Each structure stands twice: as structure tokens, then as C-alpha cells.
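>>> compute the structure for the input listed below.
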Amino acid sequence: MGWGTAQKFYSYNRKCQSWVGWEQTGNTATSATIKISGCARSGDGSGYYYAYDFGVTVKIFWRIGGGSWNELKSTTTSLNYGNEVGNISASVTIDRTHATQVLTIACDAISRTGDWPTATAQMSININPKTSYAIALDANKPSAAAADVANMPANQTKWHGEALTLPGSSPSLSLYAFKGWNTAAAGTGTSYAAGGTYPASSNAAATLYAQWELAYAYPTISSPSVVRSNSSGTRSEDGKYAKVAFGWSVDATANSGANKGKRYEIAYRAVGATSWTTAKSQTVSTTSGNVSVTVGSGTLSTASSYDFRISVTDTHTIGDGECTSYVYLTLSQSFVHLTGNPNHGVAVGMQATAADTFEVALDTKLDAGFEQANGTVTLDATSKAAWLAALGPLFHFEEVTTATQSIASGSVVEFTATAPTISGWTCKGALQAWASGTGTTIVGMPWRSSSDNVMHVKARGNVASSVRVSMLLLYTPDALTT
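Got it, this is the predicted structure:
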């Protein structure tokens, strides 16, 4: 314990000293507890004591800075030569603030008869500020941003047990909107708005990262579609061209209102291939448009499926790169092709080339009465007339339509429809499917449940729309089936 003394010389050889001391008995991040002790001693500190008995009152006080004195404790006793009396102590708890405080403590030895002056001892103690924590504000500039972040607020100081009000001003970044602060750079932590409250319970150094959202919108591609067609763009299931249609628009607010379309491209490749063939690349200079073109140059095999890619680029750039949007579609193979009546030619997986002929481009297992040569399956000469007379047409085709469903952009939905029962005929499965919804493509081939006549097919939505699917079903005569 530290001690401070003050000595007074009194009349008629009466001498007295007052003493004061302190020790810290409690210490937290927000307060300090100080035990203050005081006493009175006879004599002048030089070894000379005086035997006259006199009454004395001992008091201890404290104050902060230049504030008023606060009496903490007192006692009354008698002081004789060579002795120490009035030993008293008490504690005071001082709340820490944001700055160092000066605590002054004192002990008074006061004559009860008032015939000698008061002896006062004082000491000063520094009370340290509250514990503080650095809250760093990180600009967290997106890697694609070309400009630097401006108007960054200064780093903050958070005091223990106190809430921190974050700066109400926001940083700025060209083409980006400030969305607040987050304890994680990727935005996966706790979020705080500009001017928001950082909690009193968070008592540790931390970094808050600015969160940014691109204020610019990439080009929009709407209602994309692709169908097989002939060279003039008329839909044809055995066409070797593709009719591609879509709308497009760009964010006209970008580039200070000067943003325009730059070009659109249509490319395709066979499913499973790695390289794309550019079928159309067209320069544009407006903010929106509609496209309907026929592509493929007669090279799109009916026996193959193709991926199509539509892209739209505008005049805006982010960093060193162009801003381009993409949409992907699938053009399915032409699974079944029919020759015109009355020839009754049918081909599966290829284009029909002969009358009264069943042509197959897939592995096939058939009963007796048929022969296969060089990939073509035909009735043999002996059985042909008998088969046609007994069975009439070899095939029957029926179209079924599923119930309408909603498809979100980018999602895949399964559709079902029940094959109708036709007397004398057996449904062998679905040969082809097509969707009615805008920008919707069929995924894979239809299939049938093993235990019933429910047909299944999946479709992918390239834009949100309501969709129904139609399927072409193949029936064979029961006589042929058995």
C-alpha cells in the first residue's frame, strides 16, 4: 500500500500527522475498486512526541478530477504521545470512462476542540480507461471492379460493454451498390447496415467488410426456342435446319445511359461434342431486339441431337472483360420419319427412304418373317403380301398431351400421360415428344413405366412458363405382338 502524509504544527507543542494510503482490490474492463485507508499519528515525524492527550476526528475522502469531495468514512478517538489512532478504511468503485481519470484521496485529522488546524494528507491515482477494441472497416473491393472504392469511413473504436453505432455514411464504387457491412468478406457472417448498431456484447477486435452488389444488369435473353425446320424455316420433324427465335435487351442505364447491344451469336454442336460451330454472328446497336433465323445449312442430321447456344453482348465492360449473357437449348433427334401415304414407309432413328419398308438405325430384335440387310429391315418377298393382308397397316400412331405444369427458368420437370387403350393394338412406347411452352426443351427420350401404360418425359425450362408436353405413341397390331 502506498502512503501519503501531511504534517501540521499546533499551538502549545501539540503536533499531529495525518496519513492516507490505497490499494486496488478490484479490476474489470469497466471499473476499478480502490480501498482507501487513513489514520492520525502523534508527533512531527522526527521522533519527538508530546504527551498531552487531545481528541481527534479522522476522515477519509475521494474525488474525481476537480469534482466535489465525497466523504467515505470517519471515526473519533484520542491521540496521545507516540501513538497512531483512527485507523479506518473503506472501498470505492470507480466506473471507467473513455479517458484516464485522476482519483484524489485524502485523510483529515481534525481537532475536536478546534484549537489547532486540520492535518490533511492527499494522494492521486490514475484510473485507466475502459478496454477498447479496434473495429477495422475493409473496402472489400470486388475483383471485377475497375474503379477504386471511394468515401471509405474511418476505422472505429469499440469500448467494452458498449454498443457501437457504425458510420451512417457509405463508401461508393462505380457500377456497384453498397449493401452494408458483414463480419465475413464473402457475406456469410453477420450483417450490419450503415448507421447500424454493433452489439455491446461483441468485445473483441474485428474487421467488417463492405458488401457490394452489381448495380448493372447483364443482357436479358427472353423466350428462346429452337425447332427442326426446312430451309425456309417451316417446322419439319425430318428437317436438317433449325429455326432459332428469341428476344433480347440490355441495361440502358449503364455507361451513363449510353449502353447498347453490341452483337448476338448462335452456335451449335452435336450432343457430346466439345467444339462449337458459329451459325450466326450479328452486330447490333440498339437496346433491344427480336431474332428469328434459320441456321444449320442442311447439316443437322435427323439421327442426332444438338446443343444450341445463344449469346448477347452489350457495349458495357467490367474490368477488362465484355458483358455477355448465354442461353442453352437442345434440338432433339428426329426419332421417327414417315413416307407419304399410301406407301406406309417408316424409319426409326433415320429418314425414311423406301415405301412399305421399316428402316431402323438402332439395334433391333424382330420375329421371323422379317429380314435385315445393311441396316434396313424389310418384309421378305414370300411373307410381304400375307402380312399386309392379315394386318393391314403395320403401325398406328397416337398423339397424347400431358397436363400443364409451371417450369421455373433452369429447372427440369417430369411430365406424364397415359397411353390410350386401342382395341387390336398394343402401345410399344413414345417415339418423340415436344413442348408447348416458350423456351422449353425436351430432355432425353420419353419412357414408359414397366408395369403400366403411363408415359414419362422430362422438359427443361429456359424461361419461367406454363408448359404441356405432347408425345407421339407407336402401336403395333396385337397379331404381330403375339
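>>> and residue 73, what pLDDT?
Model confidence at residue 73, given as pLDDT, is 94.
>>> next up, the contacts around it.
By Cβ atoms under 8 Å, 6 or more residues apart in numbering, the residues touching residue 73 are 59, 60, 88, 89, 90. In this view, the C-beta of every residue, glycine as well, is placed from N, C-alpha and C.
>>> beta partners for the second one?
When assigned by DSSP bridges, residue 60 has beta-bridge partners residue 73, residue 107.
>>> picking up where we left off before, PyMOL command to pick out the buried ones of the contacts of residue 73?
In PyMOL syntax, the buried subset of those is picked out as below (16 or more other Cβ atoms under 10 Å):
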select buried, resi 59+60+88+89
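>>> farthest-separated two in the contacts of residue 73?
Greatest spacing in the contacts of residue 73, by Cβ to Cβ: 59 and 89 (12.3 Å).
>>> what is in contact with these two at once?
Common neighbours of residue 59 and residue 89 (criterion: Cβ under 8 Å, 6+ apart): 38, 73.
>>> in this structure, what spans have low per-residue confidence?
1-15, 43-53, 81-82, 113-116, 319-320, 334-393, 450-451, 479-482 (pLDDT under 70).
>>> which parts of it are helices?
254-257, 381-391, 478-481 (DSSP state H).
>>> one step back: between the contacts of residue 73, which sits nearest residue 107?
Closest approach between the contacts of residue 73 and residue 107, by Cβ to Cβ: residue 60, at 5.2 Å.
>>> hey, where'd the strands end up in the stretch 151-300 of the chain?
Along the stretch 151-300 of the chain, the segments classed as strands by DSSP state E, counting those that start in this stretch run 156-159, 164-165, 176-182, 191-192, 197-198, 206-214, 220-229, 241-249, 261-270, 277-283, 288-295.
>>> nearest to residue 34, of these?
Closest approach to residue 34 among those (Cβ to Cβ): strand 156-159, 21.0 Å.
>>> list the buried residues in the closest one.
For strand 156-159, the neighbour count (16+ other Cβ under 10 Å) marks 156, 158, 159 as buried.
>>> check stretch 315-323 too.
Counting neighbours by 16+ other Cβ under 10 Å, one finds that the buried residues in stretch 315-323 are 315, 316, 318, 323.
>>> among those residues, name the ones in strands.
If you go by DSSP state E, the buried residues of stretch 315-323 have 315, 316, 318, 323 in strands.
>>> can you pick out the most distant pair from these?
315 and 318 (12.0 Å).
>>> what sits against the nearest residue to residue 223 once chain neighbours are set aside?
Leaving aside its chain neighbours, residue 223 sits nearest to residue 438 (4.6 Å; criterion: Cβ to Cβ, 6 or more residues apart in numbering). By Cβ under 8 Å, 6+ apart, residue 438 lies in contact with 223, 225, 463, 465.
>>> just give me the neighbour total for residue 447.
With neighbours defined by other Cβ atoms under 10 Å, the count for residue 447 comes to 13.
>>> do the same with residue 213
10.
>>> try residue 449
As a burial measure, residue 449 scores 11 neighbours (other Cβ under 10 Å).
>>> surely it touches residue 456?
Yes: using Cβ atoms under 8 Å as the test, residue 449 is close enough to residue 456 to be in contact (6.9 Å).
>>> just to revisit the earlier point, dump the buried residues of strand 156-159 into CSV; add distance to residue 267 as well.
Conversion of these to CSV gives the following (distance: Cβ to Cβ, whole Å):
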residue, distance to residue 267
156, 52
158, 55
159, 61
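>>> and of those, the nearest to residue 309?
Using Cβ to Cβ, those come closest to residue 309 at residue 156, 48.9 Å.
>>> for the closest one, what are its contacts?
134, 135, 137, 164, 166, 167, 198.
>>> partners of residue 458 in the sheet?
Applying DSSP bridges to residue 458 gives these bridge partners: residue 414, residue 443.
>>> got a list of what it touches?
Contacts of residue 458 (Cβ under 8 Å, 6+ apart): 412, 413, 414, 415, 442, 443, 444.
>>> ok, the fourth one to residue 223 distance?
Counting by Cβ to Cβ, to the nearest Å, the gap between residue 415 and residue 223 amounts to 20 Å.
>>> how close does the closest residue in space to residue 429 that isn't next to it in sequence sit to residue 418?
Leaving out its chain neighbours, the residue that sits closest to residue 429 by Cβ to Cβ, 6+ apart is residue 448, at 5.3 Å. In this structure, residue 448 and residue 418 are 10 Å apart, going by Cβ to Cβ.
>>> out of the contacts of residue 156, which are buried?
Counted by 16+ other Cβ under 10 Å, the contacts of residue 156 give 135, 137, 164, 166, 198 as buried.
>>> tell me the domain boundaries of the chain?
If you go by automatic domain parsing, the domain ranges for the chain are 2-127, 132-214, 220-331, 336-391, 396-481.
>>> chain center to the third one, what's the gap?
Offset of domain 220-331 from its chain centre (Cα atoms, centre = their mean, to the nearest Å): 30 Å.
>>> ends of that domain, how far apart?
With Cα to Cα, to the nearest Å as the measure, domain 220-331 spans 22 Å from end to end.
>>> can we start the residue count at 2 from this point?
Got it, the first residue is 2 from now on, which makes the last one we talked about domain 221-332.
>>> list the contacts of the residue lying closest to residue 170 once chain neighbours are set aside.
Distances taken as Cβ to Cβ, 6+ apart put residue 154 closest to residue 170, at 5.7 Å, once the chain neighbours are dropped. Counting by Cβ under 8 Å, 6+ apart, residue 154 makes contact with 138, 167, 168, 170, 171, 172.
>>> of those residues, which pair is most distant in space?
The distance between the two most remote of those (Cβ to Cβ) is 12.0 Å, for 167 and 172.
>>> any idea how far stretch 104-120 is from the chain center?
Per Cα atoms, centre = their mean, the centroid offset for stretch 104-120 relative to its chain is 71 Å.
>>> first-to-last residue distance for that stretch?
End-to-end distance (Cα to Cα), stretch 104-120: 20 Å.
>>> if you count neighbours, what's buried in that stretch?
Using 16+ other Cβ under 10 Å as the test for burial, stretch 104-120 gives 104, 105, 106, 107, 108, 109, 110, 111, 112, 117, 119, 120.
>>> so residue 400 is in contact with residue 471, correct?
Yes: with contact defined as Cβ under 8 Å, residue 400 counts as touching residue 471 (5.8 Å).
>>> the more surrounded of these two?
Taking other Cβ under 10 Å, residue 400 and residue 471 do not tie; residue 471 has more neighbours (17 against 10).
>>> so what's that one up against?
Contacts for residue 471 (Cβ under 8 Å, 6+ apart) come out as 400, 401, 402, 403, 434, 435, 436, 437.
>>> with residue 242 instead?
By Cβ under 8 Å, 6+ apart, the residues touching residue 242 are 229, 230, 231, 232, 234, 295, 296, 297, 298, 299, 301.
>>> quick one: contacts for the fifth one?
What it means is residue 234. Counting by Cβ under 8 Å, 6+ apart, residue 234 makes contact with 242, 244, 293, 295.
>>> need the residues you listed in a markdown table with distance to residue 219, can you?
Shown next, in a markdown table, are those (distance: Cβ to Cβ, whole Å):
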| residue | distance to residue 219 |
| --- | --- |
| 242 | 30 |
| 244 | 26 |
| 293 | 23 |
| 295 | 27 |
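>>> quick one: buried residues of stretch 256-276?
256, 260, 261, 262, 263, 264, 265, 266, 267, 268, 269, 271.
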